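Enquirer: using only what follows, build the 3D model:
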Amino acid sequence: MTDATAAAAELADRVRAGDLRLHELEEHADADTAATARRLLVAEETGADVDVLGEYAFDAADAEPNIENMVGAVQVPLGVAGPVSIDGGALSGARYLPMATTEGALVASINRGCSVLNDAGGATARVTKSGMTRAPVFRVDDVAEAEALVEWVRDNEPALREAAEETTSHGELLDVTPYVVGNNVFLRFRYDTKDAMGMNMATIATGEACDVIEESTDASLVALSGNLCSDKKPAAINAVEGRGRSVAADVEIPRGVVEDRLHTTPEAIAEINTRKNLVGSAKAGSLGFNAHVANAVAAMFLATGQDEAQVVEGANAITTAETTPDGDLYVSVSLASLEVGTVGGGTKLPTQAAGLAVLGVRGGGEPAGTNADALAESIAVGALAGELSLLAALGSRHLSSAHADLGR
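Expert: As a prediction, this is how the structure comes out:
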């Protein structure tokens, strides 16, 4: 038995004896030894073979900001689509798109879409709006007091900006938008968080601004997040107003490329998009009008260290397709609320940092915010490639046969 194994076994014994709790192990050993001790306990109590969870490519101490009670790591296969040519506001040239997924045929489908985008001269992408939000809810006595609070906020936004920005060297408060529901007042704070996704930054900054509001008015803070933000939940406000990055990508594909490469026609793809993505989604009451944007968003989120729960907002997208006057095919994807960053959170872990490096957007951009913009643009292009490929597979009636051929 090695010294590390012995130390882990001793920690496990102390937990069994009630001397330590699981979350206290890092206080008595290094992070890797603590994780080993937890695996011993989990294996003993569940009968599961968890040795494979101990095979990871980073120092457990590096993961301490990202996980509690760590026992190991789950590995997800990583593939690349592309390279695909991107004409972006922050990103230009050919890029491989890193994608982590367990869904067979996904990378192959997006890779096919990337190839067709290249044949059309590449995709264009732009971030059209940026701002991370946090929306606290305040209690007031009545609607008259609610109106008074709204007016106070409008008159004192500079004081709120000063308080909020004292908490961060990077974030900037862009605006505060009030919403009144009876004796509830929601204040939607929106921040420029540069290359950080910025949820924690926005939360801390908003907390300081709320202190100023409570000190200066009769309003009482009920919750620092009042769900009008709206984080990790489907929400129409994000579809309309945006959250994180609002980003769009489009392409015009010559008719000959559609027919030769996708084995269908521009008219067929446009009709499928209208009847499926627009009419079908409307009938279903969907907040997203697309085929499978979540696939590209989730795969690239996992590959680059993003908050995977925010795929909920990231997939809030609309796909359009139409024939041009010349008979070619125009396709676009607009993602309203893509919350991404290239610094902080999971982006610091080695494998996720490698995914960002593949795209050339690891760390802070110059100027600040450009790397996160570039990441958003690359995800939008990946989503565009995926939408195009799936619509074409439906148009050529090859969807089921493609999955069968790939054994998925």
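Enquirer: for Val180, what is the enclosing helix or strand?
Expert: With the criterion set as DSSP states H and E, the secondary-structure element containing Val180 is strand 172-181.
Enquirer: partners of the next helix or strand after that strand in the sheet?
Expert: Scanning forward in sequence from strand 172-181 by DSSP H and E, the next helix or strand is strand 184-192. Based on DSSP bridges, the strands next to strand 184-192 in the sheet, each with its direction, are strand 123-134 (antiparallel), strand 137-139 (antiparallel), strand 172-181 (antiparallel).
Enquirer: for those strands, which one sits closest to Val84?
Expert: Comparison of the strands paired with strand 184-192 against Val84 by CB to CB identifies strand 123-134 as nearest, at 6.8 Å. Quick note: C-beta positions are derived from backbone N, CA and C, even for glycine.
Enquirer: just give me how far the strand holding Val180 sits from the chain centre.
Expert: 23 Å (CA atoms, centre = their mean, to the nearest Å).
Enquirer: now that strand: buried residues?
Expert: By neighbour count, and taking 16 or more other CB atoms under 10 Å as the criterion, the buried residues in strand 172-181 are 173, 176-179.
Enquirer: just stretch 42-57 next, same as before
Expert: Along stretch 42-57, these residues count as buried under the neighbour rule (16+ other CB under 10 Å): 42-43, 53, 56.
Enquirer: take the residues you listed and keep only those in strands.
Expert: Under the assignment DSSP state E, the buried residues of stretch 42-57 contribute nothing to strands.
Enquirer: now, which of the residues you listed sits nearest Ala6?
Expert: When the buried residues of stretch 42-57 are ranked by distance to Ala6 (CB to CB), Ala43 comes first, at 16.7 Å.
Enquirer: what segments of the stretch 101-250 of the chain are helices?
Expert: Ranges of helices in the stretch 101-250 of the chain, per DSSP state H, counting those that start in this stretch, are 106-119, 143-155, 157-165, 199-216, 236-241.
Enquirer: okay, the angle between the strand holding Val180 and helix 199-216?
Expert: Following axes from the mean of the first three to the mean of the last three CA atoms, to 10 degrees, one obtains 60 degrees for the angle between strand 172-181 and helix 199-216.
Enquirer: run the angle between strand 172-181 and helix 157-165 for me.
Expert: Direction vectors for strand 172-181 and helix 157-165, defined by the same axes, to 10 degrees, enclose an angle of 120 degrees.
Enquirer: what's next to strand 172-181, contact-wise?
Expert: Contacts made with strand 172-181 from outside it, assessed by CB atoms under 8 Å, 6 or more residues apart in numbering, are listed as 131, 135, 143, 146-147, 149-150, 153-154, 157, 160-161, 164-165, 185-192, 205, 209, 228.
Enquirer: hmm, back to that, can I get the buried residues of stretch 42-57 in TSV with distance to Ser246?
Expert: As requested, the buried residues of stretch 42-57 are arranged in TSV below (distance: CB to CB, whole Å):
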residue	distance to Ser246
Val42	42
Ala43	46
Leu53	38
Tyr56	35
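Enquirer: number of nearby residues for the residue lying closest to Leu224 once chain neighbours are set aside?
Expert: The shortest distance from Leu224 to any residue other than its chain neighbours is 5.0 Å, reached at Pro136 (CB to CB, 6 or more residues apart in numbering). Pro136 has 24 neighbours, counted by other CB atoms under 10 Å.
Enquirer: right, and Pro136 touches Ala219 too?
Expert: No: contact status for Pro136 versus Ala219: not in contact, 9.9 Å apart, counting by CB atoms under 8 Å.
Enquirer: Gly256 is nearest to which of the strands paired with strand 184-192?
Expert: Each of the strands paired with strand 184-192 has some distance to Gly256 by CB to CB; the shortest is strand 123-134, at 18.2 Å.
Enquirer: distance check, Glu252 against Glu377.
Expert: Using CB to CB, to the nearest Å, one obtains 18 Å as the distance from Glu252 to Glu377.
Enquirer: quick one, which of those two is more surrounded?
Expert: In terms of neighbours (other CB under 10 Å), Glu377 is the more surrounded of Glu252 and Glu377; the figures are 30 against 16.
Enquirer: for that one, give me its contacts.
Expert: Glu377 sits in contact with 86, 88-91, 125-127, 247, 249, where contact means CB under 8 Å, 6+ apart.
Enquirer: could you turn the buried ones of those into a ChimeraX selection?
Expert: Listed next is the ChimeraX selection for buried residues among these, using 16+ other CB under 10 Å:
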select :86,88,89,90,91,125,126,127,247,249
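Enquirer: mind putting the contacts of Glu377 into JSON lines with pLDDT and distance to Val279?
Expert: Converted to JSON lines, the contacts of Glu377 look like this (pLDDT from 0 to 100; distance: CB to CB, whole Å):
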{"residue": "Ile86", "pLDDT": "98", "distance to Val279": "31"}
{"residue": "Gly88", "pLDDT": "98", "distance to Val279": "31"}
{"residue": "Gly89", "pLDDT": "97", "distance to Val279": "32"}
{"residue": "Ala90", "pLDDT": "98", "distance to Val279": "34"}
{"residue": "Leu91", "pLDDT": "96", "distance to Val279": "33"}
{"residue": "Ala125", "pLDDT": "98", "distance to Val279": "27"}
{"residue": "Arg126", "pLDDT": "98", "distance to Val279": "27"}
{"residue": "Val127", "pLDDT": "98", "distance to Val279": "29"}
{"residue": "Val247", "pLDDT": "98", "distance to Val279": "25"}
{"residue": "Ala249", "pLDDT": "98", "distance to Val279": "23"}
